[in-house]
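Trainee: Sequence and predicted model, in that order:
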Amino acid sequence: MDIISVTIVALGTIFFGLVSARLRQSVVTAPMVFVLFGLLIGDAGFRLLEFQLANNAIYFLAELTLVIVLFTDASRIDLKLLYREHNLPVRLLTIGLPLSIAFGTLIAWLLLQELGFWQAAVLATIVTPTDAALAHVVVTNKLVPIRIRQSISVESGLNDGLCLPLFLIFLCGARVAEHPESTTYWVRFTAMQVGLGPLVGIGVGYVGGKLIEHASRREWISHSFLELTTLALALLSFGAAELVGGNGFIAAFCAGLTIGNVSRALCGAVREFAETEGQLLTLLVFLVFGAVLLPQAFANITFLGFFYSIMGLTVLRMLPVAVSLVGTRLRRDTRLFVGWFGPRGVASIVFALVLMEEIAIPARQEVFAVAMATVALSVFSHGLTAYPAAKWYARRTTATKKLGAAAEHESINEMPFHRY
């Protein structure tokens, strides 16, 4: 990126920041603005941002951002609290998530003739993780019942990390199907990635978290370095896992989850970073998405691919959610609300970039195009509907609360949400 590009991006960030509070309670969201800004200054617009898909800086930014997002989102999850009080996100993750991938794989395999079974599974896994930050007003609106807000945000905080092992397994399955003679290598590679990643992440999170917590109690560490050293654990877990043959993203996720459950005193520092520097990284990913990734995707997308993207945001999300919530006594409009607000964001973008950069499989350009179209549709459809839908749903559930106790209004302890 040259100095002109840096200047333009900085000016755009400043201008948005000046009106960000006014826009928060509107249909305009930060990801929408940065995607549009990227389109304006990128390949589809004035070509002021000099980036190409093959540029290593894109992969570095995207991978760094996902490491931070996985770590910070996982760190806010209290597993004991999740098990004790948060049965809705548990249902969404243990029933809804597998069904979404299964249905998505089947429909992609039947609908997109250029994809084999494994490529269809890769596509379904890329577009399944949700990013609640794209519908920030939904998970922060105090009029929406806390149980429902928490279901959407907790699901979002965990499903990208849970999809990672499946993504790697399906990628390697596609490679083996193409080159059966390499089966032994890819089985060993997958086992190391999926096995060593969690071990390294848990080890780094536990030992590093305890050391930082001990130093903090002794007042050996300043507040600013408390934040920096805690976030350095995310990078350490990523790097250490990659060095020993594990998957760095899985390691960062497991490190954050470990920190959040054995060293909760550090979670405040993690949230502070996520709300400032982490937010900037995420928005830059959306800018690059609009400037570089989206024009390339739309140049290669087919009608059936675009139709699959629409299905991925509607039927292939809503039906598994509805099935997972059977027996919860939730109202029909609640099931519809939770089913709709499963936006796709940073995780899907980075998974698609990993597909393009690291493991070559047949028809990966087609998979990439459909995945990026799904993210683009999600950024705008979920962004535009978040504020009015939250107001509509809040009115309906407020009326229900006045009539008496309902499943939506069961009391739970809140896990903090951050980003945007």
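Mentor: Alright, I've got the coordinates.
Trainee: For stretch 78-88, which outside residues touch it?
Mentor: With contacts defined as C-beta atoms under 8 Å, 6 or more residues apart in numbering, stretch 78-88 is touched by 89-90, 147-148, 150-151, 154, 257, 260-261, 264, 325, 328, 330, 338, 412-413, 415. Yep, even glycine has a C-beta here, placed from its N, CA and C like the rest.
Trainee: Buried ones among the residues you listed?
Mentor: 89-90, 147-148, 150-151, 154, 257, 260-261, 325, 328, 330, 338, 412, 415 (16 or more other C-beta atoms under 10 Å).
Trainee: Farthest-apart pair in those residues, please.
Mentor: For the buried ones among the contacts of stretch 78-88, the maximum inter-member distance is 27.8 Å, found between Asn261 and Leu330 (C-beta to C-beta).
Trainee: Report the buried residues of the lengthiest helix in the chain.
Mentor: Assignment by DSSP state H gives helix 364-403 as the longest helix of the chain. Neighbour counts over helix 364-403 (16+ other C-beta under 10 Å) mark 364, 366-383, 385-387, 389-390, 393-394, 397, 400 as buried.
Trainee: With stretch 329-337 instead?
Mentor: If you call a residue buried by 16+ other C-beta under 10 Å, then stretch 329-337 has these buried ones: 330-331, 334-337.
Trainee: ok, residues contacting that stretch?
Mentor: For stretch 329-337, the external contacting residues (C-beta under 8 Å, 6+ apart) are 88, 148, 318, 321-322, 325, 338, 389, 393, 396-397, 400, 406-408.
Trainee: Quick one: residues contacting Ala297.
Mentor: Counting by C-beta under 8 Å, 6+ apart, the residues that Ala297 touches are 368-373, 376.
Trainee: okay, the residues you listed in JSON lines with distance to Met311 and pLDDT next?
Mentor: Shown next, in JSON lines, are the contacts of Ala297 (distance: C-beta to C-beta, whole Å; pLDDT from 0 to 100):
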{"residue": "Phe368", "distance to Met311": "18", "pLDDT": "96"}
{"residue": "Ala369", "distance to Met311": "15", "pLDDT": "97"}
{"residue": "Val370", "distance to Met311": "11", "pLDDT": "98"}
{"residue": "Ala371", "distance to Met311": "13", "pLDDT": "98"}
{"residue": "Met372", "distance to Met311": "16", "pLDDT": "97"}
{"residue": "Ala373", "distance to Met311": "12", "pLDDT": "97"}
{"residue": "Ala376", "distance to Met311": "15", "pLDDT": "97"}
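Trainee: So which of these is the closest to Phe306?
Mentor: Ala373 (5.8 Å).
Trainee: do you know how far the residue found closest to the closest one once you drop the neighbours it is linked to in the chain is from Cys163?
Mentor: Excluding the flanking residues, the one nearest Ala373 by C-beta to C-beta, 6 or more residues apart in numbering is Ser309, at 4.4 Å. From Ser309 across to Cys163, the span is 18 Å (C-beta to C-beta, to the nearest Å).
Trainee: now do Val204
Mentor: Per C-beta to C-beta, Val204 is found 21 Å from Cys163.
Trainee: Relative to Thr334, how far out is Glu410?
Mentor: Counting by C-beta to C-beta, the gap from Glu410 to Thr334 is 12 Å.
Trainee: Look up which helix or strand Ala57 falls in, please.
Mentor: Here Ala57 is covered by helix 56-75, with elements defined by DSSP states H and E.
Trainee: Off-centre distance for that helix?
Mentor: Distance of helix 56-75 from the chain centroid (C-alpha atoms, centre = their mean, to the nearest Å) equals 10 Å.
Trainee: got any ranges where this structure has weak pLDDT?
Mentor: 1, 51, 53-54, 399-405, 417-420 (pLDDT under 70).
Trainee: can you give me the strands for it?
Mentor: Counting by DSSP state E, no segments of the chain form strands.
Trainee: if we can go back for a sec, rebuild the buried residues of stretch 329-337 as CSV, extending it with distance to Tyr83.
Mentor: Below are the buried residues of stretch 329-337 laid out as CSV (distance: C-beta to C-beta, whole Å):
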residue, distance to Tyr83
Leu330, 20
Arg331, 25
Thr334, 22
Arg335, 23
Leu336, 27
Phe337, 24
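Trainee: Can you list which of the residues you listed are found in helices?
Mentor: Among these, the subset assigned to helices under DSSP H consists of 334-337.
Trainee: From those residues, pick the one nearest Ala240.
Mentor: For these, the nearest to Ala240 is Phe337 (40.8 Å; C-beta to C-beta).
Trainee: roughly how far apart are the closest one and Asn159?
Mentor: Using C-beta to C-beta, Phe337 is found at 18 Å from Asn159.
Trainee: about what we covered before: check contacts around the residue nearest to Ala373.
Mentor: 127, 370, 373-374, 377.
Trainee: which one among those residues gets closest to Pro295?
Mentor: Using C-beta to C-beta, these come closest to Pro295 at Ala373, 11.6 Å.
Trainee: you'd agree that closest one is up against Phe307?
Mentor: No. The pair Ala373 / Phe307 is not scored as a contact, 10.0 Å apart, by C-beta atoms under 8 Å.
Trainee: Now for these two: what residues contact both?
Mentor: In contact with both Ala373 and Phe307: no residue, using C-beta under 8 Å, 6+ apart.
Trainee: Nothing else from me, thank you.
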